[in-house]
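Chemist: Any chance you could fold what I've pasted below:
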Amino acid sequence: MAARVQADRGNRRQRILATDDRPEVLRLVDRSLSQHYECRFAGSVTEAREKLAEQEFDLALCDIQMPGESGLVLAEEIIRDHPRTAVVLVTGVDDPDVANRALEMGTGGYLVKPFWPGQLAITAMNALRRHELELAHEAHSRALEDRIKRLMDAAPVPIYIKDRERRYRIANRAAHAAAGMEPDQLVGLTDRDFMSPESERIAAASDQKILDGGATYEAEEQLTVDGAEKTFLTVKFPFLDDSGEIAGISGISTDITARRQAEELQMQLTSAQEGAIEELRASRQETVERLTRAIEMHDEDTGRHVARMASTAAFLGSQLGMDREEVLLLRTAAPMHDVGKVATPDTILRKPGALTPEERTEMQRHTTVGHEILSGSDSELLELAASIALTHHERWDGSGYPLGLKDEEIPLEGRIVAVADAFDAMVSDRCYRPALPVEEALQAIEKGRGTHFDPKIADLLLGHREQAFALRG
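Modeler: You can find the predicted model right below:
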């Protein structure tokens with residue numbers, strides 16, 4: 001690494017500037033060092049400044065006791081303004097305070113006169129070697145910092161480091177972009193320089209938690225940056241110095257504004273969709289209710305019966321494991337099971353006695369008429385209602401009508417409505433008979449399980465008789 005520093009200086013011999021007001025000291029330096037180094041000499045601080053302005057030196061030997069300005073002032077200037085030049089202080093008085101000051105200044109050596117040539121050569125060589133290593137270390141550190149900066153700049157999210165005064169010391173391109181700044185403009189600034197007062201307060205509060213306790217902080221923050229409201233997912237953690245002390249705040253802030261806006265829009269769309277669905281359901285329900293009232297106007301018994309039966313059917317469907325939407329669809333479709341009775345003559349519907357075979361055949365037509373009225377639609381509801389209208393008088397043993405279907409050939413919804421319809425009809429007053437006692441109706445359901453009714457559905461009604469009867473209102 002030292003050889004690389006030497007190469008950077010053009011492979012020239014290392015150059016030394018000796019400043020002393022005593023010519024004999026300068027001659028001693030010349031004799032001791034000129035064989036290995038290129039030496040230049042100055043008899044005053046002013047002359048030394050001139051030579052430093054003319055060319056670069058690798059080492060400056062500065063006598064402290066100079067007439068006019070002190071060589072100590074010159075040494076401080078060289079350390080400050082010529083960082084590539086090592087400094088060795090030369091003094092005629094061995095003063096511990098001066099030695100300590102030289103150490104604090106960062107000089108490469110401290111030489112007390114009188115000194116012998118070997119001592120001077122060793123001191124100069126050590127100072128040059130030490131300074132070469134320091135320069136090499138600085139070059140390595142800069143290269144490492146540049147590499148880290150390139151890696152940080154390649155990151156798509158803001159990454160930054162603040163000092164204890166909350167000034168940005170390192171910030172990648174994404175951090176600058178988030179702040180609305182060009183590269184390197186953010187360094188040296190605080191949040192107050194580009195955030196709204198409220199946003200700066202939020203950022204300061206989380207920063208202080210890091211500085212006080214050293215804990216990791218993670219949260220979503222709503223900040224106004226460069227005049228725009230943004231949402232950041234921020235993670236902050238302590239930035240430690242070489243001794244392990246908290247020297248500042250490291251942070252990674254991902255701008256999730258677009259994602260949150262998309263989520264909010266999705267929520268609005270979902271809400272609007274749910275509203276539309278609810279409106280459609282309300283409209284659908286209104287249509288069913290109006291159709292039911294039309295049936296009621298034609299047959300009062302049927303009109304009151306359908307609403308009660310629908311509640312029982314929905315209850316049985318839920319007990320069979322149907323999901324919420326299926327149960328809701330069944331509840332809405334079930335009241336239309338007898339819609340075909342609009343085509344049945346009043347003389348048959350309201351006849352108090354038994355029907356003749358011809359009248360019974362006409363009555364049974366309400367299943368196919370109902371199916372014709374309701375089928376052929378793109379509506380899932382109407383298609384289900386059509387199926388129920390057609391099959392709710394089919395029997396488990398195949399003796400029902402109009403198709404003579406048996407067991408699971410009968411659609412599930414038709415089997416459910418068959419049980420619910422029969423139960424409610426038996427416990428309701430009809431023009432041709434009074435309502436049966438509940439226990440007698442249940443006995444009829446039990447007697448018909450496996451012949452008239454699906455045994456599983458019949459058992460559900462029998463096992464939940466109290467709930468089923470309570471649903472009648």
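Chemist: Domain boundaries for this protein, per the record?
Modeler: Per automatic domain parsing, the structural domains of the chain span 2-150, 156-255, 290-470.
Chemist: Would you mind putting the ones you listed into CSV with distance to E264 and mean neighbour count alongside?
Modeler: (Each C-beta comes from the backbone N, C-alpha and C, glycine too.) Below are these laid out as CSV (distance: least, CB to CB, whole Å; neighbours: other CB atoms under 10 Å):
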stretch, distance to E264, mean neighbour count
domain 2-150, 36, 17
domain 156-255, 10, 16
domain 290-470, 27, 18
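Chemist: can you redo those as TSV with distance to Q266?
Modeler: Converted to TSV, the domains of the chain look like this (distance: least, CB to CB, whole Å):
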stretch	distance to Q266
domain 2-150	37
domain 156-255	15
domain 290-470	21
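Chemist: Send over stretch 418-433 as CSV, restricted to the C-alpha atoms.
Modeler: Coordinates of each C-alpha in stretch 418-433 appear next as CSV, following Å, rounded to 0.1, in the frame of the first residue of the first chain:
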residue,chain,number,x,y,z
ALA,A,418,-90.3,-30.5,0.4
VAL,A,419,-89.7,-31.1,4.2
ALA,A,420,-90.1,-27.4,5.1
ASP,A,421,-93.2,-27.0,2.9
ALA,A,422,-94.9,-30.1,4.3
PHE,A,423,-94.2,-29.2,7.9
ASP,A,424,-95.5,-25.6,7.6
ALA,A,425,-98.6,-26.7,5.6
MET,A,426,-99.5,-29.2,8.3
VAL,A,427,-99.3,-26.8,11.2
SER,A,428,-101.2,-24.1,9.3
ASP,A,429,-104.9,-23.6,8.8
ARG,A,430,-106.1,-24.4,5.3
CYS,A,431,-109.5,-23.8,3.6
TYR,A,432,-110.1,-27.5,3.6
ARG,A,433,-108.9,-28.3,7.1
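Chemist: Now do that stretch, average pLDDT.
Modeler: For stretch 418-433, the mean per-residue pLDDT is 82.
Chemist: still on that earlier bit, out of the domains of the chain, nearest to E274?
Modeler: When these are ranked by distance to E274, counting by CB to CB, first place goes to domain 290-470 at 13.0 Å.
Chemist: Now the element after the one helix or strand E446 maps to, going C-ward?
Modeler: Element membership of E446, judged by DSSP states H and E, is helix 438-448. Toward the C-terminus, helix 438-448 is succeeded by helix 455-463 as the next helix or strand (DSSP H and E).
Chemist: before we move on, the earlier item: now for the helix holding E446, which elements pack on it?
Modeler: If contacts are counted by 3 or more CB pairs under 8 Å, 6 or more residues apart in numbering; DSSP states H and E, helix 438-448 sits against helix 412-426, helix 455-463, helix 465-470.
Chemist: any idea of the angle the longest one forms with helix 438-448?
Modeler: Relative orientation of helix 412-426 with respect to helix 438-448: 140 degrees, computed using axes from the mean of the first three to the mean of the last three CA atoms, to 10 degrees.
Chemist: And helix 412-426, how far out from the chain middle?
Modeler: Relative to its parent chain, helix 412-426 has a centroid offset of 51 Å by CA atoms, centre = their mean, to the nearest Å.
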